[in-house]
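>>> Sharing a model that was predicted from the sequence below.
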Amino acid sequence: MIDLYTWPTPNGHKVHIMLEECGLYYKIIPININKGDQFQPEFLQISPNNKMPAIVDHNGPDGAAYPAFESGAILMYLAEKKGQFLPTGMAPRYTVIQWLMFQLGGVGPMLGQAPFQRLCA
Ligand SMILES: N[C@@H](CCC(=O)N[C@@H](CS)C(=O)NCC(=O)O)C(=O)O
């Protein structure tokens with residue numbers, strides 16, 4: 001079972017979609033970022049940068065519980081765990097990683113900041 005610490009935002013939805021596509025069982029633990037749940041000490045143990053999404057995979061590597069934060073790292077972790085969406089060949093694997101990094105470093109943050117930029121303009 002995977003505990004999913006999340007809230008309905010685009011970064012959360014990336015992981016929601018991935019878990020559904022991988023057919024993995026998960027339990028949602030809401031992190032209401034409007035009420036400050038992300039600053040609770042128990043959550044900071046899992047996600048030290050006080051951001052959702054985060055997961056705890058209770059059946060992680062070597063059968064131990066494994067916590068993960070940052071949506072991109074979670075997507076890669078789930079892909080490797082399930083053996084889906086991340087090719088084993090070096091060239092195709094890095095093609096996937098390039099597009100993932102493009103989303104994480106470009107499209108995601110820019111679209112996220114757009115409403116603030118428009119308000120401040
Ligand atoms: N780089 C992070 C960004 C996550 C992120 O920005 N999460 C926001 C909501 S979409 C959050 O938790 N904000 C709460 C805060 O910053 O206090 C990722 O990709 O997971």
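Here it is on my side, so go on.
>>> For residue 34, give its distance to residue 13.
Taking Cβ to Cβ, to the nearest Å as the measure, residue 34 falls 17 Å from residue 13. Every C-beta, even on glycine, is put in place using the N, C-alpha and C of the backbone.
>>> again but with residue 99, I slipped
17 Å.
>>> ok, the residue nearest the centre of the chain - contacts?
For the chain, residue 71 is the residue whose C-alpha lies nearest the centre (Cα atoms, centre = their mean; 2.3 Å). Residues near residue 71 by Cβ atoms under 8 Å, 6 or more residues apart in numbering: 11, 14-15, 53, 104.
>>> and of those residues, the nearest to residue 42?
Comparing those against residue 42 with Cβ to Cβ places residue 53 closest, at 15.7 Å.
>>> Write out the residues of the chain neighbouring the ligand.
Those residues of the chain that sit near the ligand, judged by Cβ under 6 Å from any ligand atom, are 9, 11, 33, 38, 50-53, 70-72, 104.
>>> Need the contacts of residue 71 in a markdown table (columns: secondary structure, distance to residue 95 and pLDDT).
A markdown table is the format used below for the contacts of residue 71 (DSSP: H, G, I helix; E, B strand; the rest coil; distance: Cβ to Cβ, whole Å; pLDDT from 0 to 100):
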| residue | secondary structure | distance to residue 95 | pLDDT |
| --- | --- | --- | --- |
| 11 | helix | 23 | 95 |
| 14 | helix | 18 | 97 |
| 15 | helix | 21 | 98 |
| 53 | coil | 24 | 98 |
| 104 | helix | 15 | 95 |
